[in-house]
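Colleague: My questions are about this predicted structure, shown below with the sequence.
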Amino acid sequence: MLKLNFSLYWHTVRFLKPIQIVYQVYYFTRKKIRYLRGFRYRFFLEKTGQPIKFPLFILPKQSFLFKAKTFFFLNLSHDFGDTIDWGLSRYGKLWTYNLNYFDFLLQQGMDRETGIWLISEFINKLPQNQIGIEPYPTSLRCVNWVKFLSLHQVLDRNIDASLYAQYQILLDNLEYNLLGNHLLENGFSLLFGAYYFQDDKLYAKAWKILTSELKKQILLDGGHFELSPMYHQIILTRVLDSINLIQHNQWKNNDLLFLLTESAQKMLGWLSVITFQNGDIPLFNDSAFGITSITAELIDYAGRLYVSSSRISLNESGYRKIARDNYEIIIDVGPIGPDYIPGHAHSDTFNFELRVEGTPVVVDTGISTYEKNSRRQLERSTISHNTVMINSVEQSEVWGGFRVGRRAKVFKLKEEKDRIIASHDGYRRLGCIHTRIWKAASKKIVIIDQIRARKYMSCQGFLHFAPGIKVKISGENVVAGLVMIKASGADAITLEEYEYAFGFNKTVPSNRVVFSFKTEMELCINT
C-alpha cells in the first residue's frame with residue numbers, strides 16, 4: 001500500500017478544477033454550520049406530477065432483483081424480514097447504493113402494489129436514511145420512480161410530495177465537487193423530474209448541466225472521457241432514455257434533442273468499435289459484466305428511437321483495436337482518464353485484451369469491489385494488468401480506492417500500417433522511460449518492450465489469461481490455450497495464480513505469466 005505523504009496528496013489534488021475545490025469547501029463548511037443551527041430538510045413538498053409517456057426502454061439487468069423482501073445485488077443477497085433497513089452497511093457502500101437506486105422497481109414481474117409498498121417503506125424511513133439523500137443514489141432513484149409511476153399510472157399525492165422534495169434536496173447538493181459522470185447523472189435525473197412535474201426550475205438546471213457536460217465528457221471519437229467501457233454503456237443508456245423522454249412527451253421545444261442525438265450517435269459508434277465480436281466489452285478501468293445494458297441491447301434501443309451510429313475512428317480516448325481473421329486485440333495507448341476525476345482509472349498504461357477465434361485469451365482482471373481495501377488497491381494496480389512494472393513501482397499512483405497521485409502520460413505515439421509505437425513517462429521518477437511496440441500480422445502479434453534507463457532496473461511484464469485456459473511453460477515458450485508465445489530477452493518466466501473478477505464479489509482463480517527482463521523483451525504471440 002502506498003505511504004500517504006505530502007507528495008502523494010499534492011499530486012492528487014493539484015489536478016482538481018477550481019470549481020471542485022470551491023464546492024468541496026462550501027459543502028463541508030455548510031454542513032458544519034447547518035448542524036450547529038439544527039437544519040433539517042423538508043421531506044414532503046406539495047407538487048402534483050403527471051405520468052409521462054416512456055415506451056421502449058430497456059429493463060434493468062436480472063442481477064438486480066427483489067423478491068419477498070429479499071434483495072439481490074452485486075452477487076450478494078439479503079432477506080430483510082419484516083422491515084427494510086435502507087442504510088444496511090454489511091455488504092459495503094455500493095450494495096447499499098444499489099438498494100437505494102430502486103432499479104428493482106422496473107424488473108420483470110414487479111407489480112403495482114408491491115412497487116407502491118416499497119416506495120412507501122422508503123418514504124417513511126427517509127429522514128433517518130443519510131445515504132438515501134446523497135445526490136448520486138437520489139438521481140438514479142428519482143428516475144426509476146418517475147418511470148414506475150408513469151408505467152403504472154400511479155397518482156399518489158404523498159409519493160409526489162416526497163419525490164418533489166427529493167428533487168429539491170438534489171438541487172441543493174449537485175455534485176460540482178466531483179463532476180464527471182456523477183454530475184451528468186444529476187442532470188439526467190433533473191430532466192426526468194422536470195418533465196414529470198412540468199417544472200421550469202428543474203428543467204433550467206438540467207439544461208445547463210447537460211449542455212455543458214455532454215460537450216466536455218463525450219470525446220471527439222465518441223468515448224466517454226472517464227475511459228471505462230462499462231460507464232460508457234451506462235451514460236449511453238441515460239442519453240437514449242433522455243431522447244426517449246423528449247420524443248414521446250411534448251412539453252418543451254425539444255431544444256436538447258439535437259445535442260442528445262448527436263452524443264448518442266458518437267457514443268454508439270465508439271461502443272460498436274470497442275466491443276469484441278462476441279459482444280463483450282474489454283474490462284478496462286472500472287468495468288464489470290452484468291451491471292448495465294450490453295452493446296447489442298443499446299444498439300437495438302437506439303434503433304427503436306431512430307438513432308443511428310456514427311462512423312468513427314478510435315483516437316482521443318486512447319484505445320486502439322486491431323482485428324484480423326482469427327483474432328482481435330484492443331490496446332490502451334491513452335491517458336488514464338481526465339486529470340480532475342480519475343476515480344475509475346487504473347495503473348494500466350499499455351494494457352491490452354486479446355480474443356482468438358472469439359474466445360478470451362489475454363484479459364484484463366476486472367473489478368470485484370469498490371470498497372477502499374487491499375483488494376480494490378490490487379485490482380487497480382500495475383501488476384493486475386497486461387503491461388510492465390519496473391522496480392515494483394506503480395506506473396500511476398493509484399490509492400485510496402478512487403484516487404490517483406502521479407500518473408503516467410503517453411507521448412511519442414506513432415501509428416503506421418500494422419504497427420503502433422508509444423512511450424509513457426510513468427517511471428520518469430525512476431529515471432527511465434517505457435516504450436511498447438505492437439506489430440500485427442495475419443496470425444501473429446509481436447509486442448516489444450524497451451526500457452530506457454540510466455541504471456539497472458528490475459522489469460516484469462505480465463500476461464493474464466482467461467479462466468479455464470491451461471498454461472504451460474517450456475524454456476522461452478509459453479503455450480496458453482489457442483496461442484503459443486515465444487519470449488525473447490526474458491531472464492525468467494514464471495507461472496502464478498491470480499483472481500479473475502467475473503463481477504462484483506465474484507472471483508475465480510486463473511493463471512498469469514510473469515516475464516522478468518532487463519532492458520528489452522519481445523513477445524511473439526502466435527494465434
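Modeller: Perfect, thanks for sending it.
Colleague: Which parts of the stretch 1-150 of the chain are helices?
Modeller: All helices of the stretch 1-150 of the chain, identified by DSSP state H, counting those that start in this stretch, fall at 6-13, 18-37, 93-101, 112-125, 135-151.
Colleague: quick one: the shortest one to chain centroid distance?
Modeller: Spelled out, that is helix 6-13. 24 Å (CA atoms, centre = their mean, to the nearest Å).
Colleague: where's residue 82 relative to residue 89, distance?
Modeller: Residue 82 sits 19 Å away from residue 89, going by CB to CB, to the nearest Å. Any C-beta I mention is one placed from the backbone N, CA and C, and that applies to glycine too.
Colleague: Which one's more surrounded, those two?
Modeller: It is residue 89, of residue 82 and residue 89, that has more neighbours when counted by other CB atoms under 10 Å, with 10 against 5.
Colleague: Burial check on the nearest residue to residue 441 once chain neighbours are set aside, number of neighbours?
Modeller: Spatially, and ignoring its direct neighbours in sequence, residue 441 is nearest to residue 418 (7.0 Å; CB to CB, 6 or more residues apart in numbering). Around residue 418 there are 13 other residues, counting by other CB under 10 Å.
Colleague: Report the contact partners of residue 418.
Modeller: Residue 418 makes contact with 439, 440, 441, according to CB atoms under 8 Å, 6 or more residues apart in numbering.
Colleague: Tell me which entries of those lie within strands.
Modeller: Among the contacts of residue 418, the residues falling in strands (DSSP state E) are 439, 440, 441.
Colleague: Would you convert those into CSV that also reports distance to residue 217?
Modeller: Shown next, in CSV, are those (distance: CB to CB, whole Å):
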residue, distance to residue 217
439, 34
440, 31
441, 37
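Colleague: Which of those residues sits closest to residue 238?
Modeller: Residue 238 has its nearest neighbour among these in residue 440, at 35.5 Å by CB to CB.
Colleague: how near is the most centrally placed residue in the chain to residue 57?
Modeller: Among the residues of the chain, the one closest to the centroid is residue 231, at 3.4 Å (CA atoms, centre = their mean). For residue 231, the distance to residue 57 equals 19 Å [CB to CB].
Colleague: Then residue 406?
Modeller: From residue 406 to residue 57 the distance is 43 Å (CB to CB).
Colleague: cool, and residue 372?
Modeller: From residue 372 over to residue 57 the distance is 34 Å, taken as CB to CB.
Colleague: if we can go back for a sec, residue 185: which of the contacts of residue 418 is nearest?
Modeller: The closest of those to residue 185 turns out to be residue 440 (CB to CB; 38.3 Å).
Colleague: Tell me the confidence at that closest one?
Modeller: Residue 440 is assigned a predicted lDDT (pLDDT) of 96.
Colleague: Could you do residue 29 as well?
Modeller: Note for residue 29: predicted pLDDT of 98.
Colleague: With the one 5 residues further on instead?
Modeller: According to the model's per-residue confidence, residue 34 sits at a pLDDT of 97.
Colleague: neighbours of it, just the number please.
Modeller: For residue 34, using other CB under 10 Å, the count is 12.
Colleague: Tell me which residues are up against the strand or helix carrying residue 270.
Modeller: Secondary structure assignment for residue 270, by DSSP states H and E: helix 257-274. With contact meaning CB under 8 Å, 6+ apart, helix 257-274 is reached by 210-211, 214-215, 218-224, 229, 232-233, 235-236, 239-240, 242-243, 246-247, 281-282, 295, 298-299, 302, 307-314, 317, 319, 321, 330.
Colleague: same deal with stretch 469-477?
Modeller: With contacts defined as CB under 8 Å, 6+ apart, stretch 469-477 is touched by 361, 465, 478-481, 484-488, 490, 493-495, 510-511, 513.
Colleague: Stretch 494-505 too?
Modeller: 63, 74-76, 91, 94, 283, 288-291, 363, 365-370, 379, 384, 464, 466-467, 471, 473, 507-514, 516.
Colleague: SS state for residue 253?
Modeller: Classification of residue 253 by DSSP: H, G, I helix; E, B strand; the rest coil places it in coil.
Colleague: confidence score at it?
Modeller: 80.
Colleague: next one: residue 2
Modeller: On the pLDDT scale, residue 2 gets 46.
Colleague: related to what we said a few turns ago, name the element the residue nearest to the centre of the chain belongs to?
Modeller: Using DSSP H and E, residue 231 falls within helix 229-248.
Colleague: got it, and residue 211?
Modeller: Going by DSSP H and E, residue 211 is part of helix 200-217.
Colleague: Equivalent analysis for residue 522, please.
Modeller: Element membership for residue 522 (DSSP H and E) is strand 520-526.
Colleague: Not counting that strand itself, show me its contacts.
Modeller: With CB under 8 Å, 6+ apart, strand 520-526 has contacts from 354, 443-451, 459, 461, 463, 483-490, 515.
Colleague: Give me the buried positions along it.
Modeller: 521, 522, 523, 524, 525, 526 (16 or more other CB atoms under 10 Å).
Colleague: ok, now stretch 69-83?
Modeller: Applying 16+ other CB under 10 Å to stretch 69-83 flags 71, 72, 73, 74, 78 as buried.
Colleague: May I have the phi/psi pair for residue 319?
Modeller: phi -90, psi 150 (degrees, to the nearest 10).
Colleague: about what we covered before: which among the contacts of strand 520-526 count as buried?
Modeller: 354, 445-451, 459, 461, 463, 483-485, 487, 489-490, 515.
Colleague: Looking at those residues, which are in strands?
Modeller: Checking the buried ones among the contacts of strand 520-526 against DSSP E, those in strands are 354, 445-451, 459, 461, 463, 483-485, 487, 515.
Colleague: and of those residues, the nearest to residue 51?
Modeller: residue 354 (48.6 Å).
Colleague: least trustworthy helix or strand in this structure by mean pLDDT?
Modeller: Within the chain, no helix or strand scores below strand 65-67, which has a mean of 79 by mean pLDDT, DSSP states H and E.
Colleague: just to revisit the earlier point, quick one, grab the pLDDT at the residue nearest to residue 441.
Modeller: On pLDDT, residue 418 comes in at 93.
Colleague: Let me see the domain layout of the chain.
Modeller: The record assigns the chain these domain ranges, following automatic domain parsing: 47-179, 218-317, 320-526.
Colleague: With distance to residue 202 as new columns, can these be given to me in a markdown table?
Modeller: Formatted as a markdown table, these follow (distance: least, CB to CB, whole Å):
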| stretch | distance to residue 202 |
| --- | --- |
| domain 47-179 | 6 |
| domain 218-317 | 11 |
| domain 320-526 | 25 |
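Colleague: Report the separation between residue 277 and residue 324.
Modeller: Residue 277 is 12 Å from residue 324, by CB to CB.
Colleague: Compare these two and say which is more crowded by neighbours.
Modeller: In terms of neighbours (other CB under 10 Å), residue 324 is the more surrounded of residue 277 and residue 324; the figures are 16 against 10.
Colleague: Next, count neighbours for the closest residue to the more buried one other than its chain neighbours.
Modeller: Closest residue in space to residue 324, ignoring its immediate chain neighbours: residue 442 at 5.6 Å, by CB to CB, 6+ apart. Residue 442 is flanked by 10 other residues according to other CB under 10 Å.
Colleague: Show the contacting residues for the residue nearest to the centre of the chain.
Modeller: 181, 224, 285, 286, 287, 344.
Colleague: at 10 Å what do you get?
Modeller: The contact partners of residue 231, by CB atoms under 10 Å, 6 or more residues apart in numbering, come to 180, 181, 184, 224, 225, 285, 286, 287, 291, 292, 344.
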